[in-house]
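[1] could you look at this predicted model? Sequence included:
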Amino acid sequence: MSFAETPILHNRLVRLEPLAPDHRDDLADAVGDLHRAWYTSVPSPEGMSAEIDRRLSLQAQGLMAPWAVVDAASGRAVGMTTMTTFDEPNRRVEIGYTWLGRAAHGTGVNPAAKLLLLERAFDQLGCIVVQFLTHWHNHQSRAAIARLGAKQDGVLRNHRILPNGTVRDTVVFSILDTEWPSVRAGLEHRIGG
């Protein structure tokens with residue numbers, strides 16, 4: 001089983017579908033003004049096709065597994081997420097490059113989607129650690145990652161130079177396979193499953 005494969009994953013709140021050009025219109029509607037936050041890499045509505053193509057190109061190279069996040073109730077794509085930074089010999093992946101439209105915030109879609117991705121990582125791919133990285137200034141993302149049950153490992157100072165010229169300090173979180181049963185129970189409780 002390749003880490004870059006994107007099977008359909010679903011539960012009662014969300015369906016993760018292999019990202020495709022057909023998701024463009026829903027995603028362009030969902031993104032709103034999220035792309036204006038200087039510390040994120042969220043695509044603009046006009047840049048959605050290019051971002052879908054970029055992620056699919058990385059998947060073709062075996063470097064990323066991109067999904068569209070589909071709200072099960074509406075059937076509409078409300079965001080994107082990926083698995084990336086594959087280290088198959090050491091059974092490690094990163095879950096990241098995730099964004100959800102504002103209408104999906106606080107609805108349970110994020111923990112439901114993360115539960116599906118973590119089940120894939122730990123139960124299907126046999127990972128021993130899953131990492132999450134975010135910008136130091138993205139306090140909403142940092143809080144959401146911590147609420148998943150991930151622990152902060154540290155901060156990579158001056159980690160990346162962003163397109164706008166600012167230098168990103170990256171906060172690194174992780175969940176270990178030994179922590180997965182407790183994290184799973186917490187996520188299932190949060191989504192009422």
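    Great, that's in hand.

[2] ranges for the helices of the chain?
    24-31, 48-60, 109-119, 139-148, 180-191 (DSSP state H).

[3] list of residues touching the shortest one?
    Right, the one you point to is helix 24-31. Applying CB atoms under 8 Å, 6 or more residues apart in numbering, the contact partners of helix 24-31 are 42-46, 48-49, 52, 68, 76-80, 99-101, 103-104. For glycine as for every other residue, the C-beta is placed from the backbone atoms N, C-alpha and C.

[4] now do the buried residues in that helix.
    Buried residues in helix 24-31, counted by 16 or more other CB atoms under 10 Å: 24, 26-28, 30-31.

[5] identify the residues contacting residue 35.
    42-45, 47 are the contacts of residue 35 under CB under 8 Å, 6+ apart.

[6] whoops, I mixed them up, residue 91
    Counting by CB under 8 Å, 6+ apart, residue 91 touches 125-129.

[7] apply 7 Å and report the result again.
    Counting by CB atoms under 7 Å, 6 or more residues apart in numbering, residue 91 makes contact with 126-128.

[8] low-confidence stretches in this structure?
    Low-confidence segments of the chain (pLDDT under 70): 1, 193.

[9] which parts of it are strands?
    Per DSSP state E, the chain carries strands over the ranges 9-10, 14-18, 64-71, 77-87, 92-100, 129-135, 151-161, 167-176.

[10] give me the sheet partners of the second one and which way each runs.
    So that's strand 14-18. Sheet pairing of strand 14-18 (DSSP bridges) gives strand 9-10 (antiparallel), strand 64-71 (antiparallel).

[11] just so I know, which of the ones you listed lies nearest residue 120?
    Judged by CB to CB, the one of these that comes nearest to residue 120 is strand 9-10, at 6.2 Å.

[12] many thanks, have a good one.
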